[in-house]
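[1] Provide a 3D model corresponding to the input given below.
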Amino acid sequence: MARRLTILVALLLTGGLLALAAVLWRPGVRTTPPATQVAGGTLVASLRSEPTGYNRYVEITAAGELVSLLTDGRLVRVDRAADTVEPALAETWSQSDDGLTYTFALRQGVRFSDGVPFTSDDVLFSARVLYDPAVNSPVGAATRVAGAPLRFEADGPHTVKVTLPSRFEPGLRLLENVPILPKHRLEAALNQGRLRDAWKVGTPLAEIAGLGPFTLVEHTAGQRLVFRRNEHYWRRDAEDVRLPYLDTLIVAIIPDQNTEALRLEAGEIDLMANADIRPEDYASFKRAADAGRLRLIDVGVGLDPNLLWFNLSPKARTSAPWLQQAAFRRAVSHAVNRQTLVDTVYLGAAVPIFGPITPGNATWYSPSVPTQPYDPARARELLASIGLVDRNGDRIVDDEHGRAVRFSILTQRGHTLRERTAAVIQDHLRQVGVQVDVAAVDPLGIRQRWVDGDYDSIYFGVQASATDPALNPDFWLSSGPFHFWNPNQASPSTAWEAEIDELMRRQAAAPTLAERQQIMVDVQRILAEHMPAVYFVAPRVTVAVSRRVANVRPVLQIPHLLWSAETLAVVR
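    This next block holds a predicted model:
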């Protein structure tokens, strides 16, 4: 989605052209390595999956987003620790009287990693990729306002204008998810209609160029990604030292969480790229921290909870028609004891939730959103209201034709928290007479079954691209590619989805934060009534890093540590 739900900064100011930022990026913490740190050196991170390509406009995986964060540049970026919009490839900008047009002054002297100068042509080219129907980019689907694309124009090699189609309160934050691609490398592929196939795994890495702090120099399938410092990277720290501090960042591919934990405790890796530690590993990590081998950092309640979504597509390939009934889905929510999940699966390191916005997202979370507390009796009442009752005394409810009520949950093989949660859901639903089959599948298999519509339900996790709901239309809108239960709708399939579409458009344009927050309460109320997906818990995020890692700035948004990898350093 993006994949992540940000405190609003009012950027759409009115009253004449307003010059905004004209300074280098200032992260709010010291970025010059003190005497105990050293520029240069190598850190090793771990990742549980790997990319299938290196073009963020096509590659939608968490691994693909990490590659993009390390290798691509953007016009602006959000400091995820301070939650402020800051200059990046755009050094300064101004805003029109009506608040719709931004004029960007691009940094001069910036070069791609292959040495070719960066100009406004690259921005316009990236905009073509963003909205090209043949590319059909999920990034393009999310970079729209009220369903309409942004307009990009150039006024010389170092000036770009971006015009929003209508008022949009998150403003420039919309551009943080738009990486700038090298026109000189990819224009031929775009013109020939084959950009989706460019920069896939197997592409010679020397053919790939970016504007980020690192370049990808090795991808050994199933083993590692190796990033080296981009010698042409533009950014410097407060003491005029060129970033990144690191010479090399190695990302080890470790799908198995047990192996990952053991290697971190043993000092073979320095940090986990896209994950926090599991509750069952906390005790051993705490011992390692007490012994001085690791540091543990409690970041807070996570933003990206797992969810159980149901196949509500009209073309659903499922043998469980009762899944289409909202009463059935609400019964599922009432049947599961969330506190049991907190206590047994997460060992207390989680909080119960009832919707996609967690308490960790303080600006957008509301305790007034409807809940479905644990109530097996109410679950049975809801099942009976749609004709699902135990007709033969076997403690399994049946439909009107005498068929036992049964459905399947796909979840990720080897992801212990998801597998254990699915097992608890299975057990609790059995207690209200619903049979559940749990199938553990690798992530690519889950994705293919989802794309094919060949599933009943899926218990999996999502990674939002921002904390402001208006920046995740790909999830909230019926037309969105990550509207999981029925994605990419040409027009809303249901009246309630149409209502949410309209509310989200109003929410993005509402002039005050209070109005936007109230609209999101209304959106979540509708979602809770129709329950296309069920949310159970939000885990607390605890990250572990080796004592070798300096300049750590953990955030709740994934990736917790590598979002600002250029300022990480090695302790001497």
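[2] Every contact and neighbour count from this point should use C-alpha atoms.
    OK.
[3] Could I get the full set of helices for the stretch 1-150 of the chain?
    Counting by DSSP state H, counting those that start in this stretch, the stretch 1-150 of the chain has helices at residues 62-71, 120-131, 138-142.
[4] Then the chain?
    Using DSSP state H, the helices of the chain run over residues 62-71, 120-131, 138-142, 183-191, 257-265, 282-290, 326-335, 338-340, 376-385, 416-430, 443-452, 473-476, 495-509, 513-530.
[5] Can I get the first one as PDB, trimmed to CA atoms?
    Same thing as helix 62-71. Included here for helix 62-71 are C-alpha records, laid out as PDB according to Å, rounded to 0.1, in the frame of the first residue of the first chain:
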ATOM      1  CA  ALA A  62       9.000  -5.500   0.600                       C
ATOM      2  CA  ALA A  63      12.400  -6.500  -0.700                       C
ATOM      3  CA  GLY A  64      11.900  -4.500  -3.800                       C
ATOM      4  CA  GLU A  65      11.000  -1.400  -1.800                       C
ATOM      5  CA  LEU A  66      14.200  -1.900   0.300                       C
ATOM      6  CA  VAL A  67      16.300  -2.000  -2.900                       C
ATOM      7  CA  SER A  68      14.600   1.200  -4.100                       C
ATOM      8  CA  LEU A  69      15.200   3.000  -0.800                       C
ATOM      9  CA  LEU A  70      18.900   2.200  -1.000                       C
ATOM     10  CA  THR A  71      19.500   2.800  -4.700                       C
END
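[6] sorry, back to before: ok, which of the helices of the stretch 1-150 of the chain comes nearest Trp485?
    helix 138-142 (16.5 Å; Cα to Cα).
[7] and that closest one, what other elements does it pack with?
    If contacts are counted by 3 or more Cα pairs under 8 Å, 6 or more residues apart in numbering; DSSP states H and E, helix 138-142 sits against helix 120-131, helix 473-476.
[8] That helix: how far from the chain's middle?
    The chain centre lies 13 Å from the centre of helix 138-142; the measure is Cα atoms, centre = their mean, to the nearest Å.
[9] and it, average pLDDT?
    The average pLDDT for helix 138-142 rounds to 89.
[10] quick revisit: dump the helices of the chain to TSV, plus mean neighbour count and distance to Gln463.
    As requested, the helices of the chain are exported to TSV (neighbours: other Cα atoms under 10 Å; distance: least, Cα to Cα, whole Å):
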stretch	mean neighbour count	distance to Gln463
helix 62-71	23	7
helix 120-131	21	20
helix 138-142	24	14
helix 183-191	15	27
helix 257-265	18	18
helix 282-290	16	23
helix 326-335	24	22
helix 338-340	19	22
helix 376-385	19	30
helix 416-430	19	15
helix 443-452	15	14
helix 473-476	25	11
helix 495-509	18	19
helix 513-530	18	19
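[11] Can I get those helices in a markdown table including distance to Asn551?
    Shown next, in a markdown table, are the helices of the chain (distance: least, Cα to Cα, whole Å):
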| stretch | distance to Asn551 |
| --- | --- |
| helix 62-71 | 17 |
| helix 120-131 | 31 |
| helix 138-142 | 30 |
| helix 183-191 | 34 |
| helix 257-265 | 19 |
| helix 282-290 | 18 |
| helix 326-335 | 42 |
| helix 338-340 | 36 |
| helix 376-385 | 49 |
| helix 416-430 | 30 |
| helix 443-452 | 32 |
| helix 473-476 | 33 |
| helix 495-509 | 35 |
| helix 513-530 | 33 |
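[12] Out of those, flag the one nearest Asn230.
    That would be helix 62-71 among these, by Cα to Cα, at 8.3 Å.
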